[in-house]
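Enquirer: what's the 3D shape of this:
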Amino acid sequence: MKRQNTPPGDDYKIRCPRLGHQIPFSYCRLENKGLPCFKTLDCWYDHFLVEEHIKQELTPEEWGMVFGSPPRQKMLSLVELIEQAKKREKEES
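Expert: Have a look, this model is predicted:
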């Protein structure tokens, strides 16, 4: 069966690894403040030609914002949040 460039309808759902439940492509497409979730390509590549579809919808700048940079590692994010909290605590005392 040839994969299509058109996303499936909202009645077709897959499990979201970030949310842990079933969601349609339309949610993934707009999840990131109107832009696609950074995992959209990974999650939907088996179901339709998602990269082709999204490249047609986004500007090169939008594509770069979503898929151009590697996602930050969770540990790095946690360390940064801890450092910010320590700095705020110091400023408040």
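Enquirer: For the chain, give me the ranges with low pLDDT.
Expert: Low-confidence segments of the chain (pLDDT under 70): 1-2, 70-72.
Enquirer: change it to 90
Expert: Scanning the chain for pLDDT under 90 picks out 1-5, 32-33, 68-82, 87-93.
Enquirer: in it, which spans are strands?
Expert: With DSSP state E as the criterion, the chain has strands at 13-15, 22-24.
Enquirer: Give the other helices and strands that the last one contacts.
Expert: Helices and strands touching strand 22-24, by 3 or more C-beta pairs under 8 Å, 6 or more residues apart in numbering; DSSP states H and E, are strand 13-15. Just so you know, the C-beta spots here come from the backbone N, C-alpha and C atoms, and that holds for glycine as well.
Enquirer: Would you mind finding the most buried of the strands of the chain?
Expert: strand 22-24 (a mean of 15; mean count of other C-beta atoms under 10 Å).
Enquirer: Which residues does that strand contact?
Expert: Identification of contacts with strand 22-24 by C-beta atoms under 8 Å, 6 or more residues apart in numbering yields Pro8, Gly9, Asp10, Asp11, Tyr12, Lys13, Ile14, Arg15, Cys16.
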